[in-house]
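Chemist: Let's see this in three dimensions:
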Amino acid sequence: MSITGINTVLSRIKEKLSLSEIIGKDVMLRKSGREYVGYCPFHNEKTGSFFVNDNKGTFYCFGCGASGDVVTYLMKKRGLQFMQAIELLAEAAGIKLQESTNYSNEHKAQLSLMQKALEFFKEHLRDDVAAKYCVSRGFDESCITQFSIGYAPKNSDLLLSHLKSSGFSMCDILQSGLFQQRNGRVSCYFRGRLIFPVFNKQGWPIAFGGRVLQQGESPKYLNSRESVLFQKRATLYAFNIASKNVSKTKNFILVEGYIDVITMHQHGFDTAIASMGTSFSIEHLVKIWKLSSEPIVCLDGDTAGYNAMLKIALLAMQYLSPGKSLRFCIIPDASDPDSFLKKFGKSAMEKILENSSYLIDFIWQHFLNQLGASNFQPPEKVAEWKKHIMSTINSIEDIDIRNLYRSDINNRIFHALRTCNKKNFTPINSLTKPLANTASMPLYSVTSQPTKTGMGEKRLLREAAMLYIILECPSVVPYLLEELAAIRFSRDGFEAVRDMILGGDNMCTGPGAAEIQYIKAIASRSCSLTDKSDDEIVKLWRGIYEHECSYRRHLDDIRSAKNDCSERMDAGTWERLRALKINHIGKNSEHTQDNNH
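Modeler: Numbering: from 1, shown residues only. You can find the predicted model right below:
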């Protein structure tokens, strides 16, 4: 399908189809004010927390966080790719999307005009200035032929006269995007520039890019204006050539400019393409993902290039689907592909492309750079940082991929904070008592360490279960740091393990290893974590924690009542103590049942 403006198509779809109508085929919705509400189709729930707003064209679930528009809904619910969802909706709305090589008369006239312009530019490449420039850039004859490089002479009347003499009307000429009309005079945009033709997939020229030959002239690059043939958001330079070379083992390589593309192809990287001097768009992404599952983004290595890659990464995250992603290659020394290849050669470029970062690694490194080690100290800064990270992750529309990203990033956050704890993350460490020299700690075991007074078997099991969950699922630690740091464990070995977790110490070896084995031995039988999400594990952990806090508060109340009886024995103090002890027996029974569940 020729993508001439997906946003326009989406607008037409949303005008003809209401979101509640689409979702209502899968979910029973009821009107609630300006919105519709029902049970979420993406997770099991007992109360409806799934809201649909036709005015905004969006849905949101307060239970699982699923959100998006009509396209997102079909992608999530039916496992469709982006363009599959568009095509299905267009069919339902009666909108025809066709990949057409049956051009209208207007298109045919414009294609013929652009072909004539291309022949004109190629003919004038013999100009001495243009020829010398091609030699200085290392463009050989085969390269010039392959990319149909040309030259626009400084006298713009020459192209105008050539097109008029070829039978094109002034209306066709002005609609081509090559000319402008000012004060009644028509002139070509391209004057004294090296010309890079842009072709559609069928090999027809649809636009041109022009580069100045003299230093100091501006703008350095100039593109045709948009026309019936050419839309920047849907066009990629050299796509007609590179798409023939893409395979399962050769992905597209997205670079920044015309010359970068040409130099890459000259050195054997024949899947290189470039966007047309505009921000990378969803149309571009859809186009390259159709043929290439994991394209490599390799823009200039300077700050502007990095920022452009970051924007592409954030855009792509929203539309990730199984098997479709991006990789990112940062060129050293702020170089561009053209200068890097000419300085270091093909093998060096192959090496940095092979070492390009996966999308999740590129985004994570950005998050780390964003905060910086020196800013880890204030907890509120860390909380803000984590909130921003999770907001970015939540933009991923595919639920499975979003959950996997969330789990992976949570693990990275945990290890990053754990490393920082050892250096300078004092607010967390200040909540826990200092850990003694671990080299002199005894090897704890169920027989070698006596328990503290008042400790029962059920309480031991609850405390072990809390530590066991943390040890088995470290990705949940960032959500539980405050509660974990505040717990007063009844067993010294448990306290030591907790401090090791918060301090980032190696728990696989050393004195704590035996205590960890003991924790796993007694808790694994009563604490099943199989097939549970991070959210479910956090909920389970907090349930045990609340039980334990309630139990300890009750013990504190009993101690207080005993002290009251010792100081002043009367009917009131005695009855309070008696009631608390009876209630304590009931609570013990409840905790036993809950732990068994």
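
Chemist: avg pLDDT for stretch 255-271?
Modeler: Stretch 255-271 shows a mean pLDDT of 95.

Chemist: my bad, stretch 291-300
Modeler: pLDDT averaged over stretch 291-300 gives 94.

Chemist: tell me which residues in that stretch are buried?
Modeler: Neighbour counts over stretch 291-300 (16 or more other Cβ atoms under 10 Å) mark L291, S292, S293, P295, I296, V297, C298, L299, D300 as buried. Where you see a C-beta, it was placed from the backbone N, CA and C, and this is true even at glycine.

Chemist: Now go through those residues and say which are in strands.
Modeler: I296, V297 (DSSP state E).

Chemist: And the buried residues of stretch 291-300, which is closest to R578?
Modeler: Comparing those against R578 with Cβ to Cβ picks out S293 as the nearest, at 71.4 Å.

Chemist: That closest one contacts G323, doesn't it?
Modeler: Yes. If you go by Cβ atoms under 8 Å, S293 and G323 touch, sitting 5.4 Å apart.

Chemist: I'd like to know the average pLDDT value across stretch 169-176.
Modeler: Across stretch 169-176, the average pLDDT comes to 92.

Chemist: Residues contacting it, please?
Modeler: Stretch 169-176 is contacted from outside by 106, 109-110, 113-114, 117, 160, 163-164, 179, 181, 186, 224, 227-228, using Cβ atoms under 8 Å, 6 or more residues apart in numbering.

Chemist: same thing but at 10 Å, please
Modeler: 106, 109-110, 112-114, 116-117, 159-160, 163-164, 168, 179-181, 186, 188, 206-208, 224-225, 227-230 (Cβ atoms under 10 Å, 6 or more residues apart in numbering).

Chemist: Please check those residues and keep the buried ones.
Modeler: Buried among the contacts of stretch 169-176 by 16+ other Cβ under 10 Å: 109-110, 113-114, 116-117, 159-160, 163, 168, 179, 188, 206-208, 224, 227-230.

Chemist: Just the ones in helices from the contacts of stretch 169-176, please.
Modeler: Counted as lying in helices by DSSP state H, out of the contacts of stretch 169-176, are E106, A109, Q110, S112, L113, M114, K116, A117, L159, L160, L163, K164.

Chemist: nearest to L368, of the residues you listed?
Modeler: Distances from L368 to the ones in helices among the contacts of stretch 169-176, taken by Cβ to Cβ, are shortest for M114, at 47.6 Å.

Chemist: Turn the ones in helices among the contacts of stretch 169-176 into JSON lines, including pLDDT and distance to A496.
Modeler: Shown next, in JSON lines, are the ones in helices among the contacts of stretch 169-176 (pLDDT from 0 to 100; distance: Cβ to Cβ, whole Å):
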{"residue": "E106", "pLDDT": "77", "distance to A496": "79"}
{"residue": "A109", "pLDDT": "89", "distance to A496": "82"}
{"residue": "Q110", "pLDDT": "91", "distance to A496": "77"}
{"residue": "S112", "pLDDT": "92", "distance to A496": "82"}
{"residue": "L113", "pLDDT": "95", "distance to A496": "80"}
{"residue": "M114", "pLDDT": "94", "distance to A496": "76"}
{"residue": "K116", "pLDDT": "94", "distance to A496": "82"}
{"residue": "A117", "pLDDT": "95", "distance to A496": "78"}
{"residue": "L159", "pLDDT": "94", "distance to A496": "82"}
{"residue": "L160", "pLDDT": "94", "distance to A496": "85"}
{"residue": "L163", "pLDDT": "94", "distance to A496": "84"}
{"residue": "K164", "pLDDT": "93", "distance to A496": "89"}
